[in-house]
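Student: heads up, no residue letters with this:
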């Protein structure tokens with residue numbers, strides 16, 4: 001648990017405090033998101049927890065211990081820290097980067113190696129492939145995953161994350177968010193997460209602290225924030241179309257089983273049977289899987305009309321609009337808009353086919369939530 005009592009931070013040359021007599025309590029295992037406009041004090045608040053900034057007054061407790069009485073170096077080694085710029089050392093390999101804190105703590109080499117491999121696997125990077133690579137050889141999303149692995153490698157109970165997914169494109173950002181939430185379900189860290197994006201706050205947070213001019217103007221769950229904004233400032237920050245924003249709160253797996261649609265076709269299914277399935281389909285296409293239920297692609301009626309093949313394999317083509325079942329309905333909407341289609345195929349982490357979500361499904365949810 002993290003508890004801030006009467007925290008104030010004044011910087012020389014500024015007339016008003018960056019953080020002004022702020023109280024905040026983050027429950028163990030929760031993700032608390034600090035959100036607000038630039039200059040509202042959210043990053044300063046987070047950086048006082050690990051004493052990158054020393055508070056001018058007030059008290060800070062982490063799991064009952066007064067951090068202002070602790071050695072700041074030891075404190076930081078026991079708190080995971082992820083920033084937008086990632087901060088990887090360019091001259092070190094990925095393995096060396098992730099091992100930074102274990103090496104500082106003088107862990108045995110075998111223990112360090114085992115934990116580095118485990119963390120890279122957890123964030124979806126095969127250690128056999130990535131350990132010996134350097135940051136320059138990775139994409140922005142992969143570097144961000146390495147940053148998360150480095151922050152988690154010593155299993156700290158507390159993590160601080162400052163705009164961690166802000167430097168990547170929207171599609172990669174959504175994937176990183178979903179991957180992090182999947183990891184959080186397993187490890188249940190207590191996290192303070194800073195963002196300026198209210199949509200990200202709604203998606204990522206168990207609790208959201210809306211900040212303005214160094215103060216918290218509302219501290220609530222995402223659902224409460226959407227239902228009952230405390231004042232006009234919060235209402236304007238949340239914006240219109242709150243029913244649409246509630247799509248951030250619903251995972252695809254929560255509604256998928258309630259949608260009745262024909263199942264997928266297999267690669268060896270007769271073309272006449274595939275044609276019948278397409279005719280019954282509301283998307284005028286059928287998804288194709290192999291005998292292990294792994295998603296292989298899609299066949300539409302236009303492909304079959306060409307009459308150039310004998311089996312499903314002759315007509316199948318890849319589908320770009322794929323999404324995992326732990327993504328949100330808003331992620332599904334984003335993929336549809338990005339690809340210009342009214343549907344998206346849903347798969348598991350290991351590409352097992354799970355079903356289809358259509359724009360009509362999303363509209364039904366919005367109507368129910370309105």
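Tutor: Sure, I can see it. From a predicted model like this one, the values you see are computed outputs, not experimental measurements. Numbering: from 1, shown residues only.
Student: Using the three-state scheme, assign the closest residue to residue 87 other than its chain neighbours.
Tutor: Distance criterion Cβ to Cβ, 6 or more residues apart in numbering; nearest residue to residue 87, sequence neighbours excluded, is residue 147 at 6.9 Å. Where C-beta positions appear, they are placed from N, C-alpha and C, glycine not excepted. Under DSSP: H, G, I helix; E, B strand; the rest coil, the three-state class of residue 147 is helix.
Student: From the structure, what's the count of residues near residue 147?
Tutor: 25 (other Cβ atoms under 10 Å).
Student: My guess is it contacts residue 164. True?
Tutor: Yes: using Cβ atoms under 8 Å, residue 147 is in contact with residue 164, at 7.2 Å.
Student: any shared contact partners between those two?
Tutor: Here residue 147 and residue 164 share the contacting residues 82, 83, scored by Cβ atoms under 8 Å, 6 or more residues apart in numbering.
Student: Quick one: the strands in the stretch 151-300 of the chain, in order.
Tutor: Taking DSSP state E, counting those that start in this stretch, the strands of the stretch 151-300 of the chain run over residues 158-162, 190-195, 207-212, 215-220, 265-266, 285-289, 295-300.
Student: Got the phi and psi for residue 241?
Tutor: When read as degrees, to the nearest 10, the backbone of residue 241 gives phi 60, psi 50.
Student: how much space is there between it and residue 226?
Tutor: Relative to residue 226, residue 241 is positioned 10 Å away (Cβ to Cβ, to the nearest Å).
Student: same question, residue 70
Tutor: 38 Å.
Student: between those two, which one's more packed in?
Tutor: For residue 70 versus residue 226, neighbours defined as other Cβ under 10 Å are more numerous around residue 226 (20 against 15).
Student: ok now do the more buried one, which residues does it touch?
Tutor: Per Cβ under 8 Å, 6+ apart, neighbours of residue 226: 202, 238, 242, 245, 246.
Student: buried stuff in stretch 191-199?
Tutor: 191, 192, 193, 194, 195, 196, 198, 199 (16 or more other Cβ atoms under 10 Å).
Student: just checking, the third one touches residue 158?
Tutor: I take that to be residue 193. No: using Cβ under 8 Å, residue 193 is not in contact with residue 158, being 11.8 Å away.
Student: The closest residue to residue 153 other than its chain neighbours and residue 154: what is the separation?
Tutor: Using Cβ to Cβ, 6+ apart and skipping residues adjacent in sequence, the residue nearest residue 153 is residue 119, 4.8 Å away. With the distance defined as Cβ to Cβ, residue 119 ends up 9 Å from residue 154.
Student: Now do the residue nearest to residue 87 against residue 100, distance only.
Tutor: Residue 147 is 11 Å from residue 100, by Cβ to Cβ.
Student: Could you do residue 291 as well?
Tutor: Residue 291 is 45 Å from residue 100, by Cβ to Cβ.
Student: Give the residue from the two that has the larger number of neighbours.
Tutor: residue 100 (18 against 8).
Student: isn't the more buried one right up against residue 150?
Tutor: Yes: in this structure, residue 100 is within contact of residue 150 by Cβ under 8 Å, at 6.2 Å.
Student: so what are the domain limits for this protein?
Tutor: 2-242, 253-369 (automatic domain parsing).
Student: name the element residue 144 belongs to?
Tutor: helix 140-152 (DSSP states H and E).
Student: Specify the angle between that helix and strand 158-162 in degrees.
Tutor: With axes from the mean of the first three to the mean of the last three Cα atoms, to 10 degrees as the basis, helix 140-152 and strand 158-162 are set at 150 degrees to each other.
Student: ok now helix 140-152, how far from the chain's centre?
Tutor: 12 Å (Cα atoms, centre = their mean, to the nearest Å).
Student: buried residues in that helix?
Tutor: Quick answer for helix 140-152 (16+ other Cβ under 10 Å): 141, 142, 143, 144, 145, 146, 147, 148, 149, 150, 151, 152.
Student: Reformat these as CSV; add pLDDT and distance to residue 74.
Tutor: What follows is those, written out as CSV (pLDDT from 0 to 100; distance: Cβ to Cβ, whole Å):
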residue, pLDDT, distance to residue 74
141, 84, 32
142, 88, 31
143, 88, 27
144, 85, 27
145, 87, 27
146, 90, 24
147, 88, 22
148, 87, 22
149, 89, 22
150, 90, 18
151, 88, 16
152, 88, 18
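Student: Please, where are all the helices along the stretch 151-300 of the chain?
Tutor: 170-187, 198-204, 222-227, 232-238, 242-245, 252-256, 271-280 (DSSP state H, counting those that start in this stretch).
Student: Show me the one of those helices that comes nearest residue 91.
Tutor: helix 170-187 (24.9 Å; Cβ to Cβ).
Student: for the helix or strand containing residue 118, what is the average pLDDT?
Tutor: Element membership for residue 118 (DSSP H and E) is helix 109-122. Average pLDDT, helix 109-122: 92.
Student: That helix: which residues count as buried?
Tutor: Here helix 109-122 shows 112, 113, 115, 116, 117, 119, 120, 122 as buried, counting by 16+ other Cβ under 10 Å.
Student: Give me the residue ranges of the stretch 251-370 of the chain where confidence is low.
Tutor: 307-309, 369-370 (pLDDT under 70).
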